[in-house]
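Undergrad: Have a look at this prediction, sequence included:
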Amino acid sequence: MTKDTQIVRDFTGRIVGYIETDFQGNKIVRDFYRVILGKYDKKNNVTRDFYGRIVARGDVSSSLIKF
């Protein structure tokens, strides 16, 4: 049950967020301060924001991070 963490950087190389992927393919999106911005549920193929609202069908998890 390890998580793979991807660091997201802006064009200057500054860290702006993180995407954690578990072994099932579900993702948790966090900002620079590690606050959760949303989640991607692979089983249902939906991306949800912090409030649990569906943002999109499919994996658009990186779009939750604001540059």
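TA: Happy to help now that I have it. Residues are numbered from 1 along each chain as shown.
Undergrad: Show the low-confidence segments of the chain, by residue range.
TA: The model of the chain has pLDDT under 70 over residues 1-2.
Undergrad: Quickly find the element holding the residue most central in space within it.
TA: Closest to where the C-alpha atoms of the chain average out (Cα atoms, centre = their mean) is residue 29, at 2.4 Å. In the assignment (DSSP states H and E), residue 29 maps to strand 27-31.
Undergrad: Tell me who's in contact with residue 5.
TA: 18, 19, 20, 21 (Cβ atoms under 8 Å, 6 or more residues apart in numbering). (Glycine included, C-beta is placed from N, CA and C.)
Undergrad: Kindly indicate the member of these with the most neighbours.
TA: Using other Cβ atoms under 10 Å as the neighbour criterion, residue 19 leads the contacts of residue 5 with 20 neighbours.
Undergrad: excluding its backbone neighbours, what's nearest that residue?
TA: Nearest non-adjacent residue to residue 19, counting by Cβ to Cβ, 6 or more residues apart in numbering: residue 6, 4.5 Å away.
Undergrad: three-state assignment of that neighbour?
TA: Under DSSP: H, G, I helix; E, B strand; the rest coil, residue 6 falls in the strand class.
Undergrad: ok, it - contacts?
TA: 18, 19, 20, 21.
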